[in-house]
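S.K.: Provide a 3D model corresponding to the input given below.
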Amino acid sequence: MSRKTPEEWFAEYSVCHQNRANKVIHWVCVPAIAASLIGMLWSIPFPWVTAPAALNWAAFVIALCMIFYIRLSLRLALGMAVWASAVLGAIIGYESMTGGTVLVPSVIVFVAAWFGQFVGHKLEGKRPAFFQDLQFLLIGPAWVLDAFYRRIGIRR
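M.R.: Modelled structure (predicted):
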C-alpha cells in the first residue's frame, strides 16, 4: 500500500473546499481548532507529573502528530513544529500572566471554530472531508500551512 503524497492529500481535501468563503473560514478556524485542542490537552493532568512540565498530553499528542507530518513532508513537518511550539509558548505565557488555565478559553474557541467550520461547509454544500477519512483532521492544518507557504513563496 503506497502512501499519498501531500499533493494527493491536498487535492482530495480541496474537493470539499472550493467556495472562497469556506476557504477563508477554514484558514481561520482550522488553526483555531488545532490550537484550542492543544490547550485542552495541556489542561489534562499527565500521570506521574506533579507540576506543569514539558511532559503532558499536549506534547504527547503533538509528538504523535509529528510522525504523520514527517512522513508527509519534512518542510510541512518543520512548519507544523514551529507552529505547535508557538502555540505551546502562548499557552505557557497565558497561564503565567493570568495564573489560570487555558481550559475554558480553549473550549470556547474549540466550539466556536467548529461552528464556523460547519457554517463554511453549509456554504460549500459539501460535507467535511474528515467524514470520508479521519486523517483529514491532520491534513487540514497542513493544508492551511501549505497555503501560507505558497503565499510567501516557499515550495513544499
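S.K.: measure residue 48 to residue 73 for me?
M.R.: Per Cβ to Cβ, to the nearest Å, residue 48 is found 34 Å from residue 73. All C-beta atoms are positioned from the backbone trio N, CA, C, and that covers glycine.
S.K.: Phi and psi next, for residue 18.
M.R.: Note on residue 18: backbone dihedrals following degrees, to the nearest 10 are phi -100, psi -30.
S.K.: about what we covered before: so if I had to pick from residue 48 and residue 73, which one is more boxed in?
M.R.: residue 73 (20 against 6; other Cβ atoms under 10 Å).
S.K.: Residue 6 is in contact with the more buried one, correct?
M.R.: Yes: at 5.0 Å, residue 73 counts as touching residue 6 under the criterion of Cβ atoms under 8 Å.
S.K.: Specify the local secondary structure of residue 111.
M.R.: helix (DSSP: H, G, I helix; E, B strand; the rest coil).
S.K.: Now do it, the pLDDT please.
M.R.: On pLDDT, residue 111 comes in at 98.
S.K.: What's the local residue count around it?
M.R.: So residue 111, with other Cβ under 10 Å, has 12 neighbours.
S.K.: ok, now residue 148?
M.R.: When neighbours are defined as other Cβ under 10 Å, residue 148 has 14 of them.
S.K.: Which of the helices or strands spans it?
M.R.: helix 136-152 (DSSP states H and E).
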